[in-house]
Every structure is written in structure tokens, then in C-alpha cells.
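1. coordinates only, sequence not included:
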């Protein structure tokens, strides 16, 4: 089970005043200016991660992953652009990493030593002044000392969506494994199992990455939303490549902007979210769904869910 807190990346329809390291707004529409968390807020978040991990173990999950990537709350604490605190939770890298390390230790105490605890971490925020690859190497070393069983490497935030691989450059469209170079850089700092997620689509790229010894596991997400059986068919040799719908969207919709100025990254996220909603309703994926229409559907669904939650 992946455990996460969005922090300031909670849409305003769900959280009008989200908690965050500092009161620094996200530079994207649809997100309200957050409030800076108090010491009590931070202690509560640590307890909540441990509580959820305990529930995960009790209900039959075989491990948990603490999400500290993609600009969510723990990633925000690591990022000096979002974390402008001058107390024990901000400033130096050691302080900015304190929340993540405190949660890992708290989760470990809650679930015991025989239950896998993983962490998903940004290799970089890909923002000038943000969390850097060199800082990542140090944090990874600390996580190894803290006894993390598996490290998953990714990158990017809602402001810089590197994890989506959205670009019109043909060379990048063909390139897989967005974060493989970063994995090779930090490999010496984390001798434990390392997974890299982001961009893998072909059998050849996966096999080459594994042979390079830069990683131990290949992480895949979006292809399974529209082709849930594709892991098995790839391993059986029945296909050589997983679905890569985002490549077609980049070519077709890269210059598209809707009336609210939403970017292609929002369209893409909305498209996959809408497919997940269809699966939850027992329906097959709809590959003909226009990403702009899908985004509108997704926002409407989120708004209705928020209204249902706050209804007296």
C-alpha cells in the first residue's frame, strides 16, 4: 500500500486551505494558498502515517510505501522552494529530510522489522533552487541507514511534470526510463533493492536497464490502467511493448489549452483518472476518450466528491 499526503497539491475543491511546510502557493490554477503547518500538525502527520501502515498490515497488505516524491507533502518538505521554515523542519537538508525520516522510523516501529517498508523519492524536482540530485544522494544514504527495504526513484512535481515525460522533442519521445541516469548516480549510496519508475514501455529498454545494474526492479504504472493484463503478456513474450498513449497525446494535444489554461499534463492526468473511474464502475477503458473531455469529467467527479464529504 502506498501512503501519501498531498500537502499543497490538494485541489482547492477538496481542501480550500491545505497544510504545507510553508504558506507558499503552487504556481498552477486550481490550488489554493496553503497554511504553514504547526509542530502539532507535523506530529499528527507522523502518527497518521504510522496508523495507516498498521491498518495496512492488519488488513493483509504485504508492505507499505511512503510517498515522498512528485511534489506531495514529504517532497515539499525536501524542496527549499516550498519549505521556507527556519525551525527544525526547514533550512538545512538534514532538517528538510527530518519529516520523511521521522515517518519512516515511526512506520517501522508500528509494523515491525519483518514487514517491508519502501520509500518513493524524487531524484530531482527539476526546478532551479529545488531538491537536487546531489541532495537526493545524501537522503538516499540516510534512508539506507534508517533501514528502508526498497527505494523507488522518480522525479518532478505538479509544477514540473518530468514524471509524465511530456515533450514534443522526438528524442525524448523515443527515450525510456526518464530517471535511469539519476539511479546510476545514487546507486552506491543505496545498496538495497532499487526500483526506477517513469517511461518504461518496451521489453528491450527494461532488459537493458536491468543488465546495466543501475536498478533491481522496473516500475510501471499508466500502461496497466488501460491494459491490466499486459504485465503477463510482456513476460510471456506475447508483446514487446506496453501501451504508450501519452506519446500520441503529446503529438496531438501539445499546443492545446482549454479555457481555464490547463496544460497537457492536466489533460493527461484527467484521462488516466477517468479510465480508473471507469474500471471502478466495472466498465472497460475507453481509448477514444478525448483528454480535454476526460479532464472536465475528472474535475466534475472531484467536485461532487468534495461536496459529498462536506455535506452536513
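-> Sure thing, it's come through. Not measured: the values here are computed from a predicted model.
2. can you map out the helices along the stretch 201-312 of the chain?
-> Secondary structure of the stretch 201-312 of the chain (DSSP state H, counting those that start in this stretch): helices at 203-211, 223-226, 230-235, 245-253, 264-280, 291-310.
3. most packed of those?
-> Among the helices of the stretch 201-312 of the chain, helix 264-280 has the highest mean neighbour count (mean count of other CB atoms under 10 Å), at a mean of 19. To be clear about C-beta, it is placed using only N, CA and C from the backbone, and glycine gets the same treatment.
4. Run the angle between that one and helix 291-310 for me.
-> Here helix 264-280 points in a direction 70 degrees away from that of helix 291-310 (axes from the mean of the first three to the mean of the last three CA atoms, to 10 degrees).
5. thinking again about what came up before, any chance of JSON lines for the helices of the stretch 201-312 of the chain, columns mean pLDDT and distance to residue 62?
-> JSON lines is the format used below for these (pLDDT from 0 to 100; distance: least, CB to CB, whole Å):
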{"stretch": "helix 203-211", "mean pLDDT": "90", "distance to residue 62": "23"}
{"stretch": "helix 223-226", "mean pLDDT": "93", "distance to residue 62": "18"}
{"stretch": "helix 230-235", "mean pLDDT": "93", "distance to residue 62": "17"}
{"stretch": "helix 245-253", "mean pLDDT": "70", "distance to residue 62": "30"}
{"stretch": "helix 264-280", "mean pLDDT": "85", "distance to residue 62": "22"}
{"stretch": "helix 291-310", "mean pLDDT": "77", "distance to residue 62": "29"}
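6. And those: which comes nearest residue 5?
-> Among the helices of the stretch 201-312 of the chain, the nearest to residue 5 by CB to CB is helix 291-310 (16.4 Å).
7. Figure out which of the helices of the stretch 201-312 of the chain is closest to residue 72.
-> Among the helices of the stretch 201-312 of the chain, helix 264-280 sits nearest to residue 72 (CB to CB), with 13.8 Å.
8. what's the closest one packed up against?
-> Packing partners of helix 264-280 (3 or more CB pairs under 8 Å, 6 or more residues apart in numbering; DSSP states H and E): helix 223-226, helix 245-253, helix 291-310.
9. With distance to residue 77 as new columns, can those be given to me in a markdown table?
-> Formatted as a markdown table, the helices and strands packed on helix 264-280 follow (distance: least, CB to CB, whole Å):
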| stretch | distance to residue 77 |
| --- | --- |
| helix 223-226 | 29 |
| helix 245-253 | 29 |
| helix 291-310 | 25 |
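10. For residue 236, which of those is the nearest?
-> So among those, helix 223-226 is nearest, using CB to CB, at 15.4 Å.
11. Span of stretch 224-237 from start to end?
-> This stretch, stretch 224-237, spans 17 Å end to end (CA to CA, to the nearest Å).
12. how close does residue 35 get to residue 44?
-> The gap separating residue 35 from residue 44 is 14 Å, by CB to CB, to the nearest Å.
13. An error on my part: the question was meant for residue 243.
-> Distance from residue 243 to residue 44, by CB to CB: 40 Å.
14. List the contacts of residue 279.
-> Taking CB atoms under 8 Å, 6 or more residues apart in numbering, we find residue 279 in contact with 225, 228, 285.
15. Likewise for residue 276?
-> Residue 276 is in contact with residue 225, counting by CB under 8 Å, 6+ apart.
16. coming back round to it: of the helices and strands packed on helix 264-280, give the one that comes closest to residue 155.
-> helix 245-253 (15.8 Å).
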